[in-house]
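Enquirer: When you get a sec, could you give me coordinates for this:
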Amino acid sequence: MSVENSEIILALMVEHMNELRHVEEHRQWIINLIIIVVSGATAIGGSIGFSTASIPISILVIALGLFGIFATLKLYERQLWYQNRLKLLVEQLDDFQEGLELDQLYKHEVNHKKRHGSLSWDESIRIKFSSVRMHMLWVIFNLLVCLLGIFMLLISTL
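Expert: Have a look, this model is predicted:
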């Protein structure tokens, strides 16, 4: 295959890696904004005393938690899309260039998980935590924000 085809694939790979980084930056900005607004809303709610006046603040916190959950799930979907495209591009580049064996990058993760049986305690813990997906941690975080809003709403109405 021609060098031009390889250069096109490399350019597409760079573009997809940049898009992956962009998706992660979106998630970071959304989570940071939620943390700032929820912290302020909780402080305001606490300062005015959780009463009927703080019900809109509680609803805002619930809405931010729900928005965070949906945004995290959507960004994870985009992340998977770009990762799958990158994997296809790596396979195509590997077909064009003899001897690169780029598919070994993806086989490394499988081998990494197979080693689980003969690991020390520290390595075993790392492997177990490597199966926890970051997007699930962010969904749980936003669920906790939503629960905080529900708790604030309950205190305000009682």
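
Enquirer: Nearest residue to the middle of this protein?
Expert: The residue lying closest to the centre of the chain (CA atoms, centre = their mean) is His135, at 3.7 Å.

Enquirer: Give the burial count for the nearest residue to that residue once chain neighbours are set aside, as a bare number.
Expert: For His135, ignoring the flanking residues on the chain, the nearest one in space by CB to CB, 6 or more residues apart in numbering is Tyr76 at 4.0 Å. No exception for glycine: its C-beta is placed from N, CA and C like everyone else's. Residues near Tyr76, counting by other CB atoms under 10 Å, number 18.

Enquirer: Low-confidence ranges, the chain, go.
Expert: 1-3, 96-130 (pLDDT under 70).

Enquirer: for it, which helix is longest?
Expert: helix 3-47 (DSSP state H).

Enquirer: Could you count how many residues lie near the residue lying closest to His26 once chain neighbours are set aside?
Expert: Nearest residue to His26, sequence neighbours excluded (CB to CB, 6+ apart): Leu75, at 5.8 Å. Number of residues near Leu75 (other CB under 10 Å) recorded here: 20.

Enquirer: Is Gly49 part of a helix or strand, or is it coil?
Expert: Using DSSP: H, G, I helix; E, B strand; the rest coil, the structure places Gly49 in coil.
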